[in-house]
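A.B. asks: Take a look and give me a structure for this.
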Amino acid sequence: MHPKSKEQLSALKAVAKALKVDFETEKSPYNPDFVARIKESMKQVEQGNYITLDPTKSLWENLK
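C.D. replies: Numbering: from 1, shown residues only. Model prediction:
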């Protein structure tokens with residue numbers, strides 16, 4: 001399961017405990033700030049806010 005909030009996680013833990021089911025959580029190996037930046041970048045791409053580079057041109061030519 002992938003709870004989207006701490007409240008959902010707490011509810012799932014409570015249900016698992018009530019049913020006497022083993023429950024374990026995994027911490028992400030990534031820095032939360034890094035994950036937030038990646039998610040923000042993905043939103044920008046979905047909104048069409050990005051540029052495409054032409055491989056035949058230099059980086060500086062692509063940024064003009």
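A.B. asks: which element follows the helix ranked longest in the chain toward the C-terminus?
C.D. replies: Using DSSP state H, we find that the single longest helix of the chain is helix 32-46. Next helix or strand after helix 32-46 toward the C-terminus (DSSP states H and E): helix 59-62.
A.B. asks: Give me the average confidence score over that following helix.
C.D. replies: Mean pLDDT, computed over helix 59-62, is 91.
A.B. asks: Other residues contacting it?
C.D. replies: 51, 53-54 (C-beta atoms under 8 Å, 6 or more residues apart in numbering). Using the backbone N, CA and C atoms, a C-beta is placed for each residue, glycine as well.
A.B. asks: Report how many residues lie close to Leu12.
C.D. replies: 14 (other C-beta atoms under 10 Å).
A.B. asks: Over to it: give its phi and psi.
C.D. replies: phi -60, psi -40 (degrees, to the nearest 10).
A.B. asks: what's the answer for the one 5 residues further on, then?
C.D. replies: Lys17 has phi and psi values of phi -70, psi -40 when expressed as degrees, to the nearest 10.
A.B. asks: now the residue lying closest to it once chain neighbours are set aside: how far from Ile38?
C.D. replies: Nearest residue to Lys17, sequence neighbours excluded (C-beta to C-beta, 6 or more residues apart in numbering): Phe23, at 7.2 Å. In this structure, Phe23 and Ile38 are 27 Å apart, going by C-beta to C-beta, to the nearest Å.
A.B. asks: now swap in Leu53 and tell me
C.D. replies: For Leu53 relative to Ile38 (C-beta to C-beta), the value is 20 Å.
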